[in-house]
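sequence first, then the predicted structure:
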Amino acid sequence: MDHIHEAAIQIHQLTKTYRTRVPPKGAAAQVRGLFKPEYREVRAVRGIDLEIPRGEFLAFLGPNGAGKSTTIKMLTGILRPSGGDIRVLGLDPQCQRMQLAFRIGSVFGQKSQLWYHLPASDSFELLGAVYEVEPKVLARRIGELREVFDLGDFIDTPVRKLSLGQRLRCEIAASLIHQPEILFLDEPTIGLDVVVKQEIRTLLSTLNKEHNTTILLTSHDIGDMEKICRRAVIIHHGTIIIDESIKTLKHQTMGKKIVGVRYSRPLDIRVPGLEAVKRTESSARFEVDTRRIPVRDVVGHLTALGPVEDITIEDEPLETLIADIYRSRNEEEGHAALTRPL
Ligand SMILES: Nc1ncnc2c1ncn2[C@@H]1O[C@H](COP(=O)(O)OP(=O)(O)OP(=O)(O)O)[C@@H](O)[C@H]1O
């Protein structure tokens, strides 16, 4: 098959149910549990359909426990699905896991592929050998990654001594040693400061544009994604509830910003036309519908009020966005029910 034209990822009716043992409570239950253990089922993924073309940069979003990691683990062959079908680069991740490993890269926030006590350069060499990259090609590749990811200052320092941001840069570089066609990143920027997050975003964006690498990035923070991803898929309780271009999503639902302000002395904090969602003597938080009032007007008003100590502008949390999506859908359904002929 001409695999240049085939989709990077095809998912059909994918499900995953975890079966976990319920710890018995009390002595009698413990004895009973020895003979007849009790199990609980968690339906983590409930029938997902998704097609991702090559070269896509996709944000896979969802609140904690939505099923993002479970899905990625099934896509990379780490977990066996309970049902449905997956093709990644035309391969079945369960049955063709090794073949697939040579063509994909992954970065899991909590799990490192770097040897902790060795410098990243040694890990790169080892990974190159694992992926059977020819020594000459490998040397060139490490040189390129060193430059692109700006690893020069610390590539020869043991990984355990690196900062979180430096380690992540090495981590992503390591996942690219074998020039994978798809890169999976599961919450890679968690715990990083804003500047490092921005650096990582820029690197990923370049990778996607210049090498046409398909990237699937999970996060529970939509603000992280809007600048780099083209498409957003939101998963909630194991089901996809939104699959849109970031532009459309932003236009339809991301009009809200949370503006927080703190003054160095108590004062009467008011903004015409806005209700504070929270306030103390010297601080307040406002939910701003930016389609109605531009954020800069709110900030301008707040700074003119008194001596500002701190001001923050945040995106609406994903949970609120999801609640809004459900609410507007319910309203639409309600409206349709009312106007439907009897
Ligand atoms: N190994 C496991 N055994 C039992 N239940 C699990 C297991 N792993 C995940 N779950 C459950 O499956 C559901 C989905 O979890 P998953 O880790 O895929 O969510 P997530 O969207 O990645 O969340 P987070 O952002 O918190 O990592 C959750 O209810 C979680 O508790």
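Ah, there it is.

run a quick neighbour tally on the nearest residue to residue 271 once chain neighbours are set aside.
Leaving aside its sequence neighbours, residue 271 sits nearest to residue 301 (Cβ to Cβ, 6 or more residues apart in numbering; 5.2 Å). Bear in mind the C-beta positions are built from the backbone N, C-alpha and C, glycine included. For residue 301, the neighbour count with other Cβ atoms under 10 Å is 18.

pLDDT score assigned to the closest residue to the ligand within the stretch 201-342 of the chain?
Closest to the ligand within the stretch 201-342 of the chain is residue 220: 5.0 Å, counting by Cβ to the nearest ligand atom. Looking at residue 220, its pLDDT is 77.

all helices for the protein, in order.
27-35, 68-75, 97-101, 120-130, 135-148, 164-175, 194-211, 246-253, 295-305, 318-339 (DSSP state H).

now these in CSV, with mean pLDDT and distance to residue 280?
Shown next, in CSV, are the helices of the chain (pLDDT from 0 to 100; distance: least, Cβ to Cβ, whole Å):
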stretch, mean pLDDT, distance to residue 280
helix 27-35, 76, 48
helix 68-75, 95, 35
helix 97-101, 94, 53
helix 120-130, 95, 46
helix 135-148, 92, 46
helix 164-175, 92, 32
helix 194-211, 86, 25
helix 246-253, 73, 30
helix 295-305, 93, 15
helix 318-339, 70, 22
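
so who does residue 310 touch?
260, 261, 262 (Cβ atoms under 8 Å, 6 or more residues apart in numbering).

one step back: does the residue of the stretch 201-342 of the chain closest to the ligand touch residue 315 like I think?
No: the criterion here is Cβ atoms under 8 Å, and residue 220 misses it with residue 315 at 11.7 Å.

follow-up on the earlier one: out of the helices of the chain, which is closest to residue 288?
helix 295-305 (5.4 Å; Cβ to Cβ).

how far does that closest one sit from its chain's centre?
Here helix 295-305 is found 32 Å from its chain centre; the criterion is Cα atoms, centre = their mean, to the nearest Å.

just the buried residues of that helix, please?
Of all the residues in helix 295-305, those buried under the rule 16 or more other Cβ atoms under 10 Å are 298, 299, 301, 302.

which other helices and strands contact it?
strand 256-263, strand 283-289, strand 308-315 (3 or more Cβ pairs under 8 Å, 6 or more residues apart in numbering; DSSP states H and E).

give the pairing partners of the first one; include direction for each.
Strands adjacent to strand 256-263 in the sheet, as given by DSSP bridges, are strand 283-289 (antiparallel), strand 308-315 (antiparallel).

out of those, which one sits most buried?
Mean neighbour count (mean count of other Cβ atoms under 10 Å) peaks for strand 283-289 among the strands paired with strand 256-263, with a mean of 18.

give me the contacts around that one.
In contact with strand 283-289 (Cβ under 8 Å, 6+ apart) are residues 255-263, 269, 271, 274-279, 295, 298, 316.

any of those residues buried? List them.
256-261, 263, 269, 271, 274, 276, 298, 316.

between those, which is nearest residue 208?
residue 316 (25.8 Å).

from memory that closest one sits against residue 250, does it?
No: Residue 316 is beyond contact range of residue 250, at 11.1 Å (criterion: Cβ under 8 Å).

which members of the buried residues of helix 295-305 are the farthest-apart pair?
299 and 301 (7.3 Å).

spatially nearest residue to residue 73 (excluding sequence neighbours)?
Closest to residue 73 by Cβ to Cβ, 6+ apart is residue 79, at 4.0 Å.

against the ligand, how distant is that neighbour?
Using Cβ to the nearest ligand atom, to the nearest Å, residue 79 is found at 8 Å from the ligand.

check contacts around that residue.
Contacts of residue 79 (Cβ under 8 Å, 6+ apart): 16, 70, 73.

which bits of the stretch 151-300 of the chain sit near the ligand?
residue 220 (Cβ under 6 Å from any ligand atom).

my understanding was that the residue nearest to residue 271 contacts residue 269; is that so?
No: the pair residue 301 / residue 269 is not scored as a contact, 9.9 Å apart, by Cβ under 8 Å.

count of neighbours near residue 174?
Residue 174, neighbours per other Cβ under 10 Å, totals 23.

residue 136 now?
Residue 136 has 8 nearby residues by other Cβ under 10 Å.

now do the contacts for it.
Per Cβ under 8 Å, 6+ apart, neighbours of residue 136: none.

who's residue 17 bridged to?
Beta-bridge partners, per DSSP bridges, of residue 17: residue 43.

great, nothing more from me.
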